[in-house]
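A.B. asks: show me how the following folds:
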Amino acid sequence: MHKTVIAVVAVLLVLTSCVPQPEPYKLPQRTESVNASQEIAQIEAQAKAQVDAQIAAQQKSQPAADNKPTLKKEDLPQFSVQQTSAPASTALGLYPLYFMDGANIKSDFVTVIGGEAPASYVVATSNLIARTAGKKPTGFSMLDGDIGDISNYDAIVVGNACNNEIIAKMFNNPAPCDNAPLPAGKGLVRLYQSANGKVLLLAAGKTDALVLSAVNAIGTDSFKTLTKSETCVDKTALVSC
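C.D. replies: From the prediction side, this is the model:
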């Protein structure tokens, strides 16, 4: 009996020694990865560097005469209603003739929207210009902060004293801004002319909806019949102010 047990144990030892032992499992080494936010920051930094390099190259290629100093906000001249007049001899209905030079829009023509104005102003003004005859000058669409003295331009100015600095200056910077003398519940389209002959067409209103009604009224069939330099807009109808 003892001999049998010893023999079995010996056989098991022999068999065990013949089985290959598995190698100990090692965790794969993790490669270092850049955090997603760091990747985004790197991409943005690279893009900004490329844009800055392009701007620097363009500025370097421009003649020195084109390097004009940048005006600070406090340096911009004030523009008030008293500096302009709306001549009765110029009828709103002649639009766009007072902005025309022959068959084309004048080279100094601009549209001016406030930098804080809603996108709907841009859409409405763009549609107005698209349906206006004549070749338009390059870069005519501007923001209020890009304009120094508005009387140097033939312009369509859109908005109110709360969202357009040019209109605020025209009405002597009212405080609060919604105290500007605009009609209640109606849009306003008014034609001004500066002493140097430049024409300004104001499309204004106390609310965004009223501003848009004023812009959309310009150049319509009923607008073309106007013989005065001012009209109010009640929804889509042209009425006296």
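A.B. asks: quickly note the distance from Asp154 to Phe223.
C.D. replies: Distance of Asp154 to Phe223, given as Cβ to Cβ, to the nearest Å: 18 Å. (C-beta placed from N, C-alpha, C; glycine too.)
A.B. asks: let me know the pLDDT of the residue lying closest to Asp234 once chain neighbours are set aside.
C.D. replies: Nearest residue to Asp234 in three dimensions, chain neighbours excluded: Lys186, at 5.4 Å (Cβ to Cβ, 6 or more residues apart in numbering). Looking at Lys186, its pLDDT reads 98.
A.B. asks: Lys186 touches Thr236, doesn't it?
C.D. replies: No. Lys186 is beyond contact range of Thr236, at 11.8 Å (criterion: Cβ atoms under 8 Å).
A.B. asks: more crowded one of those two?
C.D. replies: Legend: neighbour count by other Cβ atoms under 10 Å for Lys186 and Thr236, higher for Lys186 (20 against 11).
A.B. asks: tell me what the longest strand that the chain contains is packed against?
C.D. replies: Longest strand in the chain, counting residues (DSSP state E): strand 187-194. Packing partners of strand 187-194 (3 or more Cβ pairs under 8 Å, 6 or more residues apart in numbering; DSSP states H and E): strand 84-85, strand 199-204, helix 208-217, strand 230-234.
A.B. asks: and with 6 Å instead?
C.D. replies: Secondary-structure packing of strand 187-194 (3 or more Cβ pairs under 6 Å, 6 or more residues apart in numbering; DSSP states H and E): strand 199-204, helix 208-217, strand 230-234.
A.B. asks: most packed of those?
C.D. replies: Among those, the stretch with the highest mean neighbour count (mean count of other Cβ atoms under 10 Å) is strand 199-204, at a mean of 24.
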